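> have a look at this prediction, sequence included:
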Amino acid sequence: MPEFVGAVDQGTTSTRFMIFDHSGNEVARDQLEHRQILPRAGWVEHDPVEIWERTNTVMQNALRNGGLSATDLVAIGITNQRETTVVWDPRTGRPYHNAIVWQDTRTDTIASALERDGHGDVIRRKAGLPPATYFSGGKIKWLLENVDGLREAAESGNAVFGTTDCWVLWNLTGGPDGGIHATDVTNASRTMLMDLESLDWDDELLGIFGIPRAMLPTINPSSHPEAFGKARSSRPLRAAVPITGVLGDQQAATVGQVCFTPGEAKNTYGTGNFLLLNTGTELVRSKSGLLTTVCYRFGDEPAVYALEGSIAVTGAAVQWLRDQLKIIAAAADSERLAATVDDNGGCYFVPAFSGLFAPYWRSDARGAIVGLTRFNDGGHIARATLESICYQSRDVAEAMEKDSGVHLDVLKVDGGVTANELCMQIQADVLGVPVSRPVVAETTALGAAYAAGLATGFWQSTDELRTHWQESKRWEPRWSEEQRRTGYDGWKKAVQRTLDWVKVD
């Protein structure tokens, strides 16, 4: 009998394949980065073919690393960078253009025009999202308007759209030879094209963007025994393994953190930060700059919703210190450098490289380092970078409390940045609540595995999953209320300096 569940985690900077046992423990993994293609300021692209090749490789390597074969897997789950948009020819599998990444801001004029033309309220009401460069609908519209022949191909069924879960799934299940063109409700809820109540593509929204329905994948539950087909008997598995779970990465992390009760929340620290609060089967419409999104839907059960605060640049700011400023050699060095100083020395860094997401939604903002004097050095810059991650999370937590009335007693955290213990201590200090990291910090892949395993009966219920969650470390706040207030006041002043930096028509 198969004893393990696998999970493809197709992220913004890398793709990994992880294998888990029945206790939710990691058995094996492999991970490879892919290129970040930056054609011009504000544009961020990925090569979909490179992503698919990386997916093949990490699946093979993880199985080999664990001494396993595909027949040891009861099922596979897929989780992915959301909103990143791929359009390809289903006859050949060739993309029409590089994937346009969620961070990309080339659609700022499209988003502004939606507001100007009075469509913003319709999109908020139906899709739960503000018109913004972040989401897929504007990216599809841009491609249709800027790639020669694409609109004609789309209208004739020769061009299809998917976020990267859809792209990986289609290739895994056969590609041009019968590949399944499907996504799940969590990814569909990030397009500005799905009605949150009907959980289906909405004709009015499609009309606003001018997108042919024929381009779009079938929307399925996040966990289902039959909806996503089987990986074909070819590379990389050489066995027909059921694919039974698909979740956008932040929803997958929420499942991996077992936040199944309304009021439970998690914060994932990756390229960006994403704080999700489970609101149950109730649609809570934000008045404070948050997103209303689908948290998950298991089988035929009603959809569970969430409030989300999406932050564009957090871990990516540390990468910027490494790759552009070159003041650190590796991301982990940010902790060592920041620890050389006791505080930020009056320096604040607002990494609004792609504008500001929640709760501001200002595409006219750009990054700024403010408060500098001759006293400041690289340690202060590194410290301000870590603080920027934490202050942006506080912005979202405060908006979430206004919308929901829920005050966090503890913040569950996960993702790569949680390995930076100084950053997690700063987070507890800035929020004034304990911060808790689980034993399995990479909960995104774990959540996809949980969704896949629930569909097959490998795990019987969400109550069983709760028994597997274990705390690895907890950070308690150390700052005084005065330190917390003064620091946050400085942050809010710094944010104001980033606004109205570029003109958005």
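Okay, I see it.
> from F4, how far out is G248?
With distances taken as C-beta to C-beta, to the nearest Å, G248 is found 23 Å from F4. C-beta here means a position set from N, CA and C on the backbone, and glycine is covered the same way.
> who has more neighbours, those two?
G248 (33 against 20; other C-beta atoms under 10 Å).
> ok, the more buried one touching C166?
No: G248 is beyond contact range of C166, at 11.1 Å (criterion: C-beta atoms under 8 Å).
> just checking: what are the partner strands of the helix or strand of the chain with the lowest mean pLDDT?
Sorting the helices and strands of the chain by mean pLDDT, DSSP states H and E puts strand 230-231 at the bottom, at a mean of 88. Strand 230-231 pairs in its sheet with strand 241-248 (antiparallel), by DSSP bridges.
> which SSE is immediately downstream of the partner strand?
Moving toward the C-terminus from strand 241-248, the next helix or strand (DSSP states H and E) is helix 249-256.
> what packs against that next one?
Helices and strands touching helix 249-256, as assessed by 3 or more C-beta pairs under 8 Å, 6 or more residues apart in numbering; DSSP states H and E, comprise strand 73-80, strand 265-269, strand 273-280, strand 291-296, strand 304-311, helix 443-456.
> could you dump these into TSV with mean neighbour count added?
As requested, the helices and strands packed on helix 249-256 are arranged in TSV below (neighbours: other C-beta atoms under 10 Å):
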stretch	mean neighbour count
strand 73-80	29
strand 265-269	28
strand 273-280	25
strand 291-296	26
strand 304-311	26
helix 443-456	30
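> for those, give me JSON lines that also has mean pLDDT and distance to G345.
Listed next are the helices and strands packed on helix 249-256 as JSON lines, based on pLDDT from 0 to 100; distance: least, C-beta to C-beta, whole Å:
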{"stretch": "strand 73-80", "mean pLDDT": "96", "distance to G345": "39"}
{"stretch": "strand 265-269", "mean pLDDT": "90", "distance to G345": "24"}
{"stretch": "strand 273-280", "mean pLDDT": "91", "distance to G345": "24"}
{"stretch": "strand 291-296", "mean pLDDT": "94", "distance to G345": "35"}
{"stretch": "strand 304-311", "mean pLDDT": "92", "distance to G345": "24"}
{"stretch": "helix 443-456", "mean pLDDT": "95", "distance to G345": "34"}
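> V433: which of those is closest?
Each of the helices and strands packed on helix 249-256 has some distance to V433 by C-beta to C-beta; the shortest is strand 265-269, at 10.8 Å.
> just the C-alphas of stretch 496-503, formatted as PDB.
Provided in PDB are the C-alpha atoms of stretch 496-503 (Å, rounded to 0.1, in the frame of the first residue of the first chain):
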ATOM      1  CA  GLN A 496       3.700  58.500   3.300                       C
ATOM      2  CA  ARG A 497       7.000  59.500   1.700                       C
ATOM      3  CA  THR A 498       6.500  56.700  -0.900                       C
ATOM      4  CA  LEU A 499       3.100  57.800  -2.300                       C
ATOM      5  CA  ASP A 500       2.500  59.700  -5.500                       C
ATOM      6  CA  TRP A 501       6.000  58.900  -6.700                       C
ATOM      7  CA  VAL A 502       5.000  57.800 -10.200                       C
ATOM      8  CA  LYS A 503       2.000  59.100 -12.300                       C
END
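> list the buried residues for that stretch?
By neighbour count on 16 or more other C-beta atoms under 10 Å, the buried set for stretch 496-503 is R497, T498, L499.
> try stretch 94-109
Of the residues in stretch 94-109, 95-109 count as buried by neighbour count, 16+ other C-beta under 10 Å.
> taking those one by one, which sit in strands?
Mapping these onto strands (DSSP state E) picks out A99, I100.
> can you list residues touching both of G248 and C166?
Taking C-beta atoms under 8 Å, 6 or more residues apart in numbering as the criterion, G248 and C166 both touch N187.
> quick one: average pLDDT of the helix ranked longest in the chain?
Counting residues, the longest helix in the chain under DSSP state H turns out to be helix 378-404. Averaged across helix 378-404, pLDDT comes to 94.
> what's the offset of it from the middle of its chain?
Put simply, helix 378-404 sits 18 Å off its chain's centre (C-alpha atoms, centre = their mean, to the nearest Å).
> what's the answer for stretch 54-62, then?
Here stretch 54-62 is found 21 Å from its chain centre; the criterion is C-alpha atoms, centre = their mean.
> helix or strand: which one has the residue of the chain most remote from its centre?
Centroid-distance maximum for the chain: R374 at 37.9 Å, with C-alpha atoms, centre = their mean. Secondary structure assignment for R374, by DSSP H and E: no helix or strand.
> same deal with D463?
Going by DSSP H and E, D463 is part of helix 462-466.
> mind listing what's buried in that helix?
By neighbour count on 16+ other C-beta under 10 Å, the buried set for helix 462-466 is L465.
> quick one on the thing from earlier: as a markdown table, the buried residues of stretch 496-503 with pLDDT would be great.
Formatted as a markdown table, those follow (pLDDT from 0 to 100):
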| residue | pLDDT |
| --- | --- |
| R497 | 94 |
| T498 | 95 |
| L499 | 94 |
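> what stretches of this structure score poorly on pLDDT?
Confidence mapping of the chain against pLDDT under 70 gives the ranges 1, 233-238, 504-505.
> roughly how far apart are K287 and K402?
Here K287 is placed at a distance of 7 Å from K402 (C-beta to C-beta).
> related to what we said a few turns ago, name the helices or strands packed onto the helix holding D463?
Counting contacts by 3+ C-beta pairs under 8 Å, 6+ apart, helix 462-466 is packed against helix 443-456.
> what's the helix it packs on packed up against?
Counting by 3+ C-beta pairs under 8 Å, 6+ apart, the packing neighbours recorded for helix 443-456 are strand 4-10, strand 14-20, strand 73-80, strand 241-248, helix 249-256, strand 265-269, helix 462-466.
> what about the ones you listed, which gets the closest to G355?
For these, proximity to G355 was assessed by C-beta to C-beta; helix 249-256 is nearest, at 18.9 Å.
> what sits against the residue nearest to A252 when sequence neighbours are not counted?
Leaving aside its chain neighbours, A252 sits nearest to G447 (3.5 Å; criterion: C-beta to C-beta, 6 or more residues apart in numbering). By C-beta under 8 Å, 6+ apart, G447 lies in contact with G77, T79, L247, Q251, A252, A253, T254, V255, G256, Q257.
> among the helices and strands packed on helix 443-456, which is nearest D409?
Among these, strand 265-269 comes nearest to D409, with 9.9 Å by C-beta to C-beta.
> and the closest one, which strands flank it?
strand 273-280 (antiparallel), strand 411-414 (parallel).
> re earlier: what sits up against the least confident helix or strand of the chain?
Strand 230-231 is contacted from outside by A70, I76, L172, T173, L237, A239, A240, V241, P242, I243, using C-beta under 8 Å, 6+ apart.
> the third one touches R232, doesn't it?
Yes: using C-beta under 8 Å, L172 and R232 qualify as a contacting pair, with a distance of 7.1 Å.
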